[in-house]
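Peer 1: got a predicted structure here, sequence first:
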Amino acid sequence: MKVALKTAPTIEPITLADLKMHLRVDSETLAGDIVTYQSILPGSHAIADNYTTHAGTGVSVIGKQSLVNLNAGTVDEGGTIEAKIQESDDNATWTDWTGGGFTLVNAANDNAIQEKQYTGSMAYIRVVAKVLVAACEFGADVIVEAAT
């Protein structure tokens, strides 16, 4: 009997997070499974009509699931916070991540947390923000699934 190979075998690369989910590998505690990084430190942030004054610290997310929280505190009347997620392969050159814009925060919807799951493929992410009209209280965290 003659056998001919019609389709070559393929190996699909998967991330560490995908493998852990499939094998159900974890540390058995929530605290052991995640790490929280502060991208923009919480506090009162001055008016800045640019995304460079309030540019957060980059966080490594390659091969990991991650969630970004914008923690808005008190926003004075007329003040607004425009925040978005940026991504980078080298933690130096940043571009806006498509779908990474948070809902504009003002006095009507302050004192709340907004969250977005990062589903991009870059190695680093950070949060950048503009503060308009009045100083605003806020911070931004990146929650990353920790490797075990």
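Peer 2: In hand now; what should we look at?
Peer 1: quick one: Lys64 from Gly120, how far?
Peer 2: Spatial separation of Lys64 from Gly120 under the definition Cβ to Cβ, to the nearest Å is 12 Å. For every residue, glycine as well, the C-beta is placed using N, CA and C.
Peer 1: again with Gly139
Peer 2: For Gly139, the distance to Gly120 (Cβ to Cβ) stands at 22 Å.
Peer 1: more neighbours, the two?
Peer 2: Gly139 (19 against 15; other Cβ atoms under 10 Å).
Peer 1: list the contacts for the more buried one?
Peer 2: When the contact criterion is Cβ atoms under 8 Å, 6 or more residues apart in numbering, the partners of Gly139 are 38, 40-43, 71, 73.
Peer 1: filter the residues you listed down to the buried ones, ChimeraX style.
Peer 2: When burial is assessed using 16 or more other Cβ atoms under 10 Å, the buried subset of the contacts of Gly139 is captured in ChimeraX by this command:
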select :40,71,73
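Peer 1: ok, of the contacts of Gly139, which one's closest to Ala129?
Peer 2: Distance to Ala129, by Cβ to Cβ, is smallest for Ile40 among the contacts of Gly139, at 6.5 Å.
Peer 1: nearest residue to the middle of the protein?
Peer 2: By Cα atoms, centre = their mean, the chain has its centre lying nearest to Val68, at 3.7 Å.
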